[in-house]
Each structure stands twice: as structure tokens, then as C-alpha cells.
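Asker: Sequence below, structure please.
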Amino acid sequence: MTQSTMELINKRREEKARHSLATQEHKQLHNQVQAAIRKDKETYIQQQCEELEKQSVRGNMKGMFGVVKKLSRQFQSRLLNIKDTD
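Answerer: Here you go, the predicted model:
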């Protein structure tokens with residue numbers, strides 16, 4: 001994420017702490033954050049596609065398939081163990 005997106009997220013967090021979620025300003029900030037995140041994601045995917053094209057021109061199949069794998073895999077969260085206090 002870009003620095004401007006992080007600043008918007010922090011502003012939204014501060015607004016949420018000051019007021020309830022129902023305020024118009026919070027809703028507007030939320031919409032701006034979502035739009036910025038979508039834009040950042042599109043930029044990231046575009047950069048990865050450009051990298052894929054570079055790998056293809058070089059003939060680097062391992063690098064090319066690595067980029068494809070990174071783009072096409074599904075998110076899988078880490079499984080964390082809960083430690084017993086005893």
C-alpha cells in the first residue's frame with residue numbers, strides 16, 4: 001500500500017475513535033480508503049504483469065512461472081497454535 005493510503009487509514013481510525021461509525025465523515029473516509037486500496041491493488045497487479053512480460057522476453061521460465069504462481073494463488077492464513085497457560 002502507498003503512504004497516502006496508510007494516511008487515509010489512520011485518519012479513518014482516528015475518526016472512528018472520536019465518533020461513532022454512523023457519521024458522514026467516517027463513511028466518506030471509508031469510501032476513500034476502499035477506493036485507494038482498489039487502486040493500489042490494480043497498480044500492484046499491473047507491475048506484476050510488467051514483470052511477467054520482462055521474464056517472458058528474457059526467456060526465464062522459472063521467473064515467469066514464479067510470478068504467475070504469486071498472482072494466482074489463493075490467500076491462506078497462518079495457523080497459529082494457542083498455548084496453554086498451565
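
Asker: Identify the residues contacting Val57.
Answerer: Residues counted as contacts of Val57 (Cβ atoms under 8 Å, 6 or more residues apart in numbering): none. Yep, even glycine has a C-beta here, placed from its N, CA and C like the rest.

Asker: tell me which element the residue lying closest to Glu51 once chain neighbours are set aside falls in.
Answerer: Nearest non-adjacent residue to Glu51, counting by Cβ to Cβ, 6 or more residues apart in numbering: Val67, 5.6 Å away. Assessed by DSSP states H and E, Val67 sits inside helix 61-72.

Asker: quick revisit: count of neighbours near the residue nearest to Glu51?
Answerer: 19 (other Cβ atoms under 10 Å).

Asker: Next: Leu8.
Answerer: Residue neighbour count, defined by other Cβ under 10 Å, stands at 20 for Leu8.

Asker: Could you look up the SS state of it?
Answerer: Following DSSP: H, G, I helix; E, B strand; the rest coil, the label given to Leu8 is helix.

Asker: what's near enough to touch it?
Answerer: Residues near Leu8 by Cβ under 8 Å, 6+ apart: 29, 32-33, 36.

Asker: Perfect, I'm done here.
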